[in-house]
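Student: fold the following for me, if possible:
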Amino acid sequence: MYAELTEQITDWIRSRVHGAGMSGVVIGLSGGIDSAVTAALCVRSLGQKNVLGLVMPCESIQADTTDGLRTAEHLGIPVKQIDISPVLTAFVAAGHLDSSNLLNLANVKARLRMTMEYAYSKNRLVAGTGNYSETKTGYWTKWGDGAADFLPIADLWKDEVGELARYLELPEWIVQRVPSAGLWENQSDENEMGVTYKEIKEFFTLGAGSVSAEAAKRIASLHASSAHKREAIPFYHARGWLDENK
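Tutor: Numbers count the residues shown, from 1 in each chain. This next block holds a predicted model:
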């Protein structure tokens, strides 16, 4: 199953990249399983030298930087480590932002990282790393990690990403790493969302009754409040009126 899925995804990546007239991709490496799987798929599709990894500490915990570099080393891809902490400091100061608001700060970090990825996107497409569980709950930053040129694993539940990681023979330390956005020390995705990835999948595939009432309420709220993230940018359709009233 995962052999065939890998073949399909890698063919699709190659088609997207070459169809855009590009030679490779750039990808942010967080040290987590999603970015590792996405990078591994891109390597299979395009070759090691055509996948550039960026490790971008931004007042981050050291483990994220270390694991991001370890991921690049395991895959044998070129990597750049870019500390954007000074950019964050300047940005917060310029905007007189509240640095104690950790969630707002996390969104700023995600957007700064994506800006850096696009700064390195000459002759490359930016590979997004989001999975289906996060797509459905909105657990990503609009115009941050949610901004990309293509999303190879955005239709895979988190457990399916794990199975794909094992098929791709990624190290067990990647597969077993606690999913975390690295927002602060000991932060985890599931604690931040208030539900588990297993509950998210069961809610959407088996129905609200398959999880506790509390979990169902939380997931439904996350899904509803993030609907705008999953929609194309709306615009007012004035063309018809203008054409009729010339």
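
Student: so where's the chain uncertain?
Tutor: 180-187 (pLDDT under 70).

Student: would you map the helices across it?
Tutor: Using DSSP state H, the helices assigned to the chain run over residues 2-19, 33-46, 62-75, 85-95, 102-119, 132-137, 158-167, 172-175, 189-193, 197-206, 213-225, 239-244.

Student: hey, which of those is tucked in deepest?
Tutor: Each of the helices of the chain was scored by mean neighbour count; the highest is helix 33-46, a mean of 25, by mean count of other Cβ atoms under 10 Å. (Each C-beta comes from the backbone N, C-alpha and C, glycine too.)

Student: coming back round to it: dump the helices of the chain to JSON lines, plus distance to Trp143.
Tutor: Shown next, in JSON lines, are those (distance: least, Cβ to Cβ, whole Å):
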{"stretch": "helix 2-19", "distance to Trp143": "20"}
{"stretch": "helix 33-46", "distance to Trp143": "18"}
{"stretch": "helix 62-75", "distance to Trp143": "21"}
{"stretch": "helix 85-95", "distance to Trp143": "14"}
{"stretch": "helix 102-119", "distance to Trp143": "6"}
{"stretch": "helix 132-137", "distance to Trp143": "15"}
{"stretch": "helix 158-167", "distance to Trp143": "23"}
{"stretch": "helix 172-175", "distance to Trp143": "27"}
{"stretch": "helix 189-193", "distance to Trp143": "19"}
{"stretch": "helix 197-206", "distance to Trp143": "23"}
{"stretch": "helix 213-225", "distance to Trp143": "17"}
{"stretch": "helix 239-244", "distance to Trp143": "26"}
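
Student: tell me which of these approaches Gly53 most closely.
Tutor: helix 62-75 (4.3 Å; Cβ to Cβ).

Student: which strands or helices does that closest one pack on?
Tutor: helix 33-46, strand 51-55, strand 79-81, helix 172-175 (3 or more Cβ pairs under 8 Å, 6 or more residues apart in numbering; DSSP states H and E).

Student: given the third one, what are its sheet partners and their directions?
Tutor: Its sheet considered, strand 79-81 pairs with strand 51-55 (parallel) by DSSP bridges.

Student: how far off centre is the strand it pairs with?
Tutor: 14 Å (Cα atoms, centre = their mean, to the nearest Å).

Student: start at 44 instead
Tutor: Noted, 44 is the first residue going forward, which turns the last one into strand 94-98.

Student: for Ile56, which non-adjacent residue is closest in space?
Tutor: Ser88 (4.1 Å; Cβ to Cβ, 6 or more residues apart in numbering).

Student: equivalent analysis for Asp188, please.
Tutor: Going by Cβ to Cβ, 6+ apart, Asp188 has Ala153 as its nearest residue, at 5.0 Å.
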